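Enquirer: below are the sequence and a predicted model; questions follow.
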Amino acid sequence: MKKILSLVKVQIGTQLVEILSIGNNRKRKPKALLGGLVFFVLVLGGVSFFYSYMVGKGLMMFNSIDVLPALLMAVTSIIVLFTTTFKIKGTVFGFKDYDLVMSLPVRTMSVVASRLLLLYLLNMIFVCIVMIPAMGVYAILAKPEASFYIIGIFTLLFLPLIPIVVASVLGTIIAYAASRFRYSNLISIVFSLGLMVAIMGMSFTMGDTGQELVDISKALTDRVNNIYPPAEMYSRAITEYDITAFASFIGISALCFILYSLLVAKIFKKMNTIIMTGKSRSKYKLGELRQSSPLKALYFKEIKRYFSSPLYVLNTGFGIVMLTIGAIVLCFVDIEKLMGQVDGAGLLKMGVPVFITFCLVTCYTTAASISLEGKSLWIIKSLPVTAKSIFFAKIAVNLTVTAPALADVILMGFVLELGVFLTLLTVLITILVSIFISLFGLVINLKFPNFTWMTETVVIKQSAAAMIAVFTGMGISALLIALMVVVPSANLAYLIYIGFMAAVNVVLYRILIHWGAKQFHRL
Amino acid sequence: MLKISNLSKSYKGGKKAVDNLSLEVNSGEIFGFIGHNGAGKTTTIRSIAGVLDFDEGDITIDGISIKKDPVSCKKITAYIPDNPDLYEHLSGIGYLNFIGDIYEVNKFDRETLIEKYADAFELTSNLGDSISSYSHGMKQKLAVIAALIHRPKLLILDEPFVGLDPKAAHILKATMAELCKGGSAIFFSTHVLEVAEKLCNKIAIIKNGKLVACGPTHEVKGNNSLEDVFMELLNEQ
C-alpha cells in the first residue's frame, strides 16, 4: 500500500507541475497559476450551484425537487464518461514514464492500482467541485433529513466508479484500435465524435422542448434510469433513504471497479506493449517527392499535427461539429414547433450569432499549439523561417477548423430566413470571432507555454493557456449577450460587437507580431 | 564561416553558463568543442543555432549576425541537437520532405541527396514508417540526413555520435570529412576525445563557461594525448 501511495504521490506531483507549468518558470508562475486554479474551481463550483439552483427552483414549482439529485448525478456521470474516455491513453495505458515505473521493484498490481487510483482521484476532484454545490442546493431547497448528508457523502465517493469503468473500456478500445490501423487517428476521431454526438443527441431527443421543465427532467431521469440503472438506485438512496438501494449502488459500483481493476492487471503489460509499439512496415522505396513553399510546408506540418491527436481534435473541434450538426438539423425541423411558441423563429434568429460565437470560442487550437511543440521546439526555432510565418501557420490551422462555420452561417441564414443584412452581420461576427480565438490563443500560449508535459491532455485541456482561452472566449460570447440586452436594437448590438471585435483583433495582432515574436525567441 | 565574439549567457539565478567566449571556425575546418558536463557546450551550440537567445556578444555566420538576421544565418546552417526529438506524427520521408520544403531544396537535389544519405545510413526502407516507431539511433540518423540534404555551409552538432551504431558513426565521420572538402565548416561537441583528436583540425576546451584552450589540434595537445591535456586543464584551479 505504501508503494502504491508513493507512486500516486509522484504522479499527482507530476500532474500539478505540468498543469501549473512550473517546469518552465519555477519562480513566478506557481502562485499566479495556483490562484488561477482556485479561481477555476470557484467558477466551476459557482456555475454548478447556479445551474442546480435554477433547475431546483423550477422543479420546486412542480413539487418534483426529488428529481434533482438523480438529474445532476446523471449529468456528472456523463461528463466523467466524456473526459475519462480520452484520458485512458496516457493515464492507464501508453503513459510516458511506463518504462521507468515498470522497472521499479514493485508488483504490476501495485502499478495498476496506482494508475487507477490516480484516475479515480482526478475524477473525484471534478465530482466534488460539481456535486457538493449541487447537493448544497438540494439541502437548501428540499431540507432533507440528516440521513441525506451521510448517504450523500458515502455515495459521492462511489459516484464516479461506474462511469470510469465504462469510459475505460471505451478508451481502451479506442487506444487499441489506434495502435492497429493505418488511419488509426482518423478512425479514433470519427468513433469518438460519433460517441459524443450520440450522447448529446440522446439528451436533445428527450421530447418536445415545448414541454414544461418538470416533464423534461422526469423524462430525462427516466431515460437515464433506463440506460444507467445505478442512477435510479442513487436517487432512491438519497431522496427516499432506501437502504437497499444505497447498498446496491455502493456494492455494484465497487464490484464493477474491482472486476475492472483485476482485468486491467491481467492485460496491463500486454496492452501497453501493443499500444506503445509503433507499426513498422520497413518496406519503403523512394519515389517522386512533392515540393511546397515553406509557408505551405509549415501549414501542412501543423495540420498533420492537429489530426494526429484525437484528443486535440475532439476538444477543439467539437464546437464546430455541434454547430454544423445544428445547422443541418435546422433544415429538417419545424422551427415554430421546436420553439413551442409563435415567435420561436424570431428568437432563434436572434440567438444565431450568440450560438455561433459560443461554438467558435471552443475551437482554441492555437492555445495549445506552441506547447505541443514540446521537446521538438528546437526544430522550428532552428529553421530559417520567421516567427511570423510560424504564427501564421498555426493561426491558419485554427481558421481551417472554424471555416465550416461560414457555410453553417449561410445555411442557417437561408433556413431561418435571416435576410441578407443579418446574414452578412453574422458572417462578419463569425470571421472576427474565429480570428479572435486564433490570435488570443496563440498570445496566451506564448505567455504560458509548457514544453515539459508528459501527456497531451495537460496542454490541451488542463493548461493555464487552454483554461484562459476558453474562459476569455466565453466572456467574449457573453459580451454579445450583454450588448443585446443593453442596446435596444439587435442589429445595432451586432454592429457595435463587430466594431469592438475588429479593434480587439487589431490590438491582438500587433501584440503577437511585436511582443509575440520576441517572446518566441525567448522560449 | 563562424565567428563567436565575447559570447555570454546567464540563466535565471545569475549562473553564467557561457562567459565571454570568442572563437572562429573557418570554411573547410572540423572544429571540436570539448568540456565537462555543464561546462556550457550545449548553451554555446544552441546560441549558434539560433535556438537560444544570449545576453552579450555576437555570433556571425558567413559574416551575418544571428541576432540581426537569424533567417539568413539559419538558411546556410544545419543543427543537430544531442537528443533529436523529431516530429513523431510525421513519417521519416515526411520529415525529410518538410525540411526540404523549408530550405527550398529543389526536387532533383532533394531526391538525389535523400537517396544518397538514406542508403548510406541504411534507413531507406524505414522512411515510410512513423518517426514514433524509430529507435534513438534511427532518429539520430534521420536528423543527420535532414541536416545534410540542404548542403549547409555550417554544420553544428551536439554530441553527434551518441546513439549511433559503429557503422553509422563511421559513415558520419566520413560524411563530415567530405563536407569539409566541399568547403563547409563543422562545429561539434563531443565527450569522445579519441574522435576529436583524430577528426578535428581545431579544438576548443571550455571549462565553467570560459574557454581555457583553443587552436589547431596538434598545438592544443602538443606531445600529449588530448585526454591528458583535458584532464590537466580540468584539474587546474
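Expert: The structure has been received and is ready for your questions.
Enquirer: for chain B, just list every one of the helices.
Expert: B:41-48, B:70-75, B:92-102, B:107-120, B:136-148, B:166-181, B:193-199, B:217-221, B:226-235 (DSSP state H).
Enquirer: B:Ser130: which of those is closest?
Expert: helix B:92-102 (8.2 Å; C-beta to C-beta). In short, each C-beta sits where N, CA and C put it, glycine included.
Enquirer: any bit of that closest one sitting next to chain A?
Expert: Yes. Using C-beta under 8 Å from any C-beta of the partner chain, helix B:92-102 comes into contact with chain A via B:92-94, B:97-98, B:100-102.
Enquirer: which one (most neighbours) among those residues?
Expert: B:Gly92 (28 neighbours; other C-beta atoms under 10 Å in any protein chain shown).
Enquirer: who's in contact with that residue?
Expert: A:284, B:123, B:126-129, B:131, B:134, B:138, B:142 (C-beta atoms under 8 Å, 6 or more residues apart in numbering or on different chains).
Enquirer: pull out the buried residues from those residues.
Expert: Buried positions within the contacts of B:Gly92, assessed by neighbour count (16 or more other C-beta atoms under 10 Å in any protein chain shown), are A:284, B:123, B:126-129, B:131, B:134, B:138, B:142.
Enquirer: among those, find the lowest-pLDDT one for me.
Expert: Within the set of the buried ones among the contacts of B:Gly92, pLDDT is lowest for A:Tyr284 (83).
Enquirer: the residue sitting nearest the centre point of chain B and B:Phe54: what is the separation?
Expert: Nearest to the mean C-alpha position of chain B, by C-alpha atoms, centre = their mean, lies B:Leu157 at 1.5 Å. The spacing between B:Leu157 and B:Phe54, counted by C-beta to C-beta, to the nearest Å, is 19 Å.
Enquirer: for A:Gly499, same thing?
Expert: 44 Å.
Enquirer: likewise A:Asp408?
Expert: For A:Asp408, the distance to B:Phe54 - C-beta to C-beta - is 49 Å.
Enquirer: buried sites along stretch A:491-511?
Expert: In stretch A:491-511, counting by 16+ other C-beta under 10 Å, buried: A:493-494, A:496-498, A:501, A:504-505, A:508-509, A:511.
Enquirer: kindly tell me how buried B:Ile64 is, as a neighbour count.
Expert: 17.
Enquirer: what's near enough to touch it?
Expert: B:72-73.
Enquirer: distance of it relative to chain A?
Expert: 11 Å (C-beta to the nearest C-beta, to the nearest Å).
Enquirer: distance check, that residue against B:Gly222.
Expert: In terms of C-beta to C-beta, B:Ile64 sits 36 Å off from B:Gly222.
Enquirer: likewise for A:Tyr149?
Expert: In terms of C-beta to C-beta, A:Tyr149 sits 84 Å off from B:Gly222.
Enquirer: these two: which is more packed in?
Expert: Set A:Tyr149 next to B:Gly222 and count neighbours by other C-beta under 10 Å: A:Tyr149 wins out with 12 against 9.
Enquirer: which helix or strand contains that one?
Expert: helix A:146-158 (DSSP states H and E).
Enquirer: what count of nearby residues applies to B:Phe188?
Expert: Using other C-beta under 10 Å: B:Phe188 sits among 25 other residues.
Enquirer: quick check: it touching B:Phe33?
Expert: Yes. B:Phe188 is within contact range of B:Phe33, at 6.5 Å (criterion: C-beta atoms under 8 Å).
Enquirer: any idea how many residues pack against residue 176?
Expert: No chain was given, so I picked chain A. With other C-beta under 10 Å as criterion, A:Tyr176 counts 17.
Enquirer: to clarify, I was referring to chain B.
Expert: 21.
Enquirer: what's near enough to touch the spatially closest residue to it that is not a sequence neighbour?
Expert: Using C-beta to C-beta, 6 or more residues apart in numbering or on different chains and skipping the chain neighbours, the partner closest in space to B:Met176 is B:Ile186 (5.4 Å). Residues near B:Ile186 by C-beta under 8 Å, 6+ apart: B:25, B:29-31, B:154-157, B:176, B:179-180.
Enquirer: at the contact with chain B, which residues of the stretch 301-450 of chain A appear?
Expert: By C-beta under 8 Å from any C-beta, the residues of the stretch 301-450 of chain A that approach chain B are A:301, A:304-305, A:308-309, A:374-376, A:378-379, A:381-386.
Enquirer: nearest to A:Leu480, of the residues you listed?
Expert: A:Ser309 (30.6 Å).
Enquirer: and the pLDDT at the closest one?
Expert: Value listed for A:Ser309 in the pLDDT field: 86.
Enquirer: model confidence at residue 217, what's the number?
Expert: Going with chain A. Reported pLDDT for A:Ser217: 63.
Enquirer: my bad, the chain I had in mind was chain B
Expert: So, for B:Thr217, pLDDT stands at 89.
Enquirer: B:Val195 is in contact with that one, correct?
Expert: No. B:Thr217 is beyond contact range of B:Val195, at 11.6 Å (criterion: C-beta under 8 Å).
Enquirer: report how many residues lie close to B:Gly182.
Expert: 11.
Enquirer: wait, what's in contact with A:Met501?
Expert: A:Met501 touches A:429, A:432-433, A:436, A:476, counting by C-beta under 8 Å, 6+ apart.
Enquirer: list phi and psi for it.
Expert: phi -70, psi -40 (degrees, to the nearest 10).
Enquirer: distance of it relative to A:Pro353?
Expert: Taking C-beta to C-beta, one finds A:Met501 at 11 Å from A:Pro353.
Enquirer: which secondary structure elements does the helix or strand just after the helix holding A:Tyr149 contact?
Expert: Next in sequence after helix A:146-158, counting helices and strands by DSSP H and E, comes helix A:161-180. Packing partners of helix A:161-180 (3 or more C-beta pairs under 8 Å, 6 or more residues apart in numbering or on different chains; DSSP states H and E): helix A:67-85, helix A:88-91, helix A:108-142, helix A:184-204, helix A:243-276.
Enquirer: wait, which of these is closest to chain B?
Expert: helix A:184-204 (8.6 Å; C-beta to the nearest C-beta).
Enquirer: follow-up on the earlier one: in strands, which of the contacts of B:Gly92 appear?
Expert: Here DSSP state E is the test, and these give no hits in strands at all.
Enquirer: so which of these is the closest to A:Ala403?
Expert: Looking across those and measuring by C-beta to C-beta, the closest to A:Ala403 is B:Ile131, at 28.8 Å.
Enquirer: how does chain A divide into domains?
Expert: A:2-277, A:294-522 (automatic domain parsing).
Enquirer: which residues touch the residue lying closest to A:Val137 once chain neighbours are set aside?
Expert: Closest residue to A:Val137 apart from its sequence neighbours, by C-beta to C-beta, 6+ apart: A:Ser52 at 4.0 Å. Counting by C-beta under 8 Å, 6+ apart, A:Ser52 touches A:68, A:72, A:133-134, A:137-138.
Enquirer: could you pull up the residues touching residue 113?
Expert: As the question left the chain open, I've gone with chain A. A:4, A:261.
Enquirer: that's the wrong chain, I wanted chain B
Expert: B:105, B:148-149, B:151.
Enquirer: measure it to B:Leu96 for me?
Expert: B:Leu113 is 9 Å from B:Leu96, by C-beta to C-beta.
Enquirer: quick check: neighbours shared by those two?
Expert: Contacts common to B:Leu113 and B:Leu96, judged by C-beta under 8 Å, 6+ apart, are B:Ile149.
Enquirer: burial check on the residue of chain B at minimum distance from chain A, number of neighbours?
Expert: Minimum separation of chain B from chain A (C-beta to the nearest C-beta) falls at B:Ser133, amounting to 2.6 Å. Residues lying near B:Ser133 (other C-beta under 10 Å) number 17.
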